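>>> My questions are about this predicted structure, shown below with the sequence.
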Amino acid sequence: MGRNIKLLLSAEDLMPVLDEEELEFQNEENPESKLAYELFRQKNSKVKLLVLSSLKKTIADSFKDLYLTKDMIEELKEMYGREERHAHHQLVTLLHSMKMAQGTPVIDHVMKMRNLFQESENLGTSFKLNYKTDVIFYSLPQEIYGSFIVNYNMNKLSLELPELANMLQEVEAASKK
């Protein structure tokens with residue numbers, strides 16, 4: 001029990017373990033193949049311990065029988081890739097159904113939508129500025145912002161979202177007068 005395991009890992013430790021298939025032990029007479037096999041086995045064990053220790057116990061228990069770290073990573077990708085797809089679907093649904101709540105400052109609404117676009121982009125979907133602008137315009141109350149939106153489109157403007165939010169704030173302030 002008094003055995004300490006040193007888990008200092010470098011990129012040199014990780015890459016062979018994650019990129020290569022298990023090295024086969026050739027034969028006892030070839031010391032180089034034996035050394036390469038032992039080195040791979042040690043690195044695989046270290047990385048496997050690191051991965052298992054970073055998982056919740058219930059999840060780690062289902063992976064402890066897998067020998068290769070590479071197989072564990074593939075299983076984790078398969079398991080959590082579905083959740084990422086679900087999260088992406090929820091974000092897109094939220095973006096397309098969002099409407100600015102009455103009494104909410106337009107700057108807060110636009111920044112909230114900007115953050116949702118950013119979250120979706122972090123999951124791998126990119127959006128063009130025109131698309132983002134159109135989705136934001138669709139979410140605004142037309143009785144207040146309708147003429148601004150028509151003007152914006154007729155003049156073929158293209159503003160980054162913070163600049164657009166500032167212009168929409170001016171429209172909001174003018175509508176309150």
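Yep, it's here.

>>> which residues sit against stretch 72-82?
The contact list for stretch 72-82 (CB atoms under 8 Å, 6 or more residues apart in numbering) reads 18, 48, 51, 52, 63, 66. Placement of C-beta: from N, CA and C, glycine included.

>>> and if we set it to 7 Å?
18, 48, 51, 63, 66 (CB atoms under 7 Å, 6 or more residues apart in numbering).

>>> Now for the residues you listed: which two are most distant?
18 and 63 (14.7 Å; CB to CB).

>>> so the closest residue to residue 52 other than its chain neighbours is in which element?
Excluding its sequence neighbours, the residue lying closest to residue 52 (CB to CB, 6 or more residues apart in numbering) is residue 60, at 4.6 Å. Residue 60 belongs to helix 57-63 when elements are defined using DSSP states H and E.

>>> picking up where we left off before, quick one: which of the contacts of stretch 72-82 is most hemmed in?
residue 48 (21 neighbours; other CB atoms under 10 Å).

>>> Around residue 123, how many other residues sit close by?
13.

>>> same question, residue 120
With other CB under 10 Å as criterion, residue 120 counts 19.

>>> what pLDDT does it get?
On pLDDT, residue 120 comes in at 89.

>>> Same check on residue 132?
96.

>>> In which helix or strand does it reside?
helix 129-139.

>>> tell me how far that helix is from the chain's mean position?
With CA atoms, centre = their mean, to the nearest Å as the basis, helix 129-139 stands 22 Å off its chain's centre.

>>> likewise stretch 53-67?
Distance, stretch centre to chain centre, for stretch 53-67: 22 Å (CA atoms, centre = their mean).

>>> Which residues outside that stretch are in contact with it?
In contact with stretch 53-67 (CB under 7 Å, 6+ apart) are residues 52, 72, 75.

>>> Can you select the buried ones among those residues for me in PyMOL?
In PyMOL, this line selects whichever of the contacts of stretch 53-67 come out buried by 16 or more other CB atoms under 10 Å:
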select buried, resi 52+72
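
>>> Give me the subset of the contacts of stretch 53-67 that lies in strands.
For the contacts of stretch 53-67, membership in strands holds for none, with DSSP state E as the criterion.
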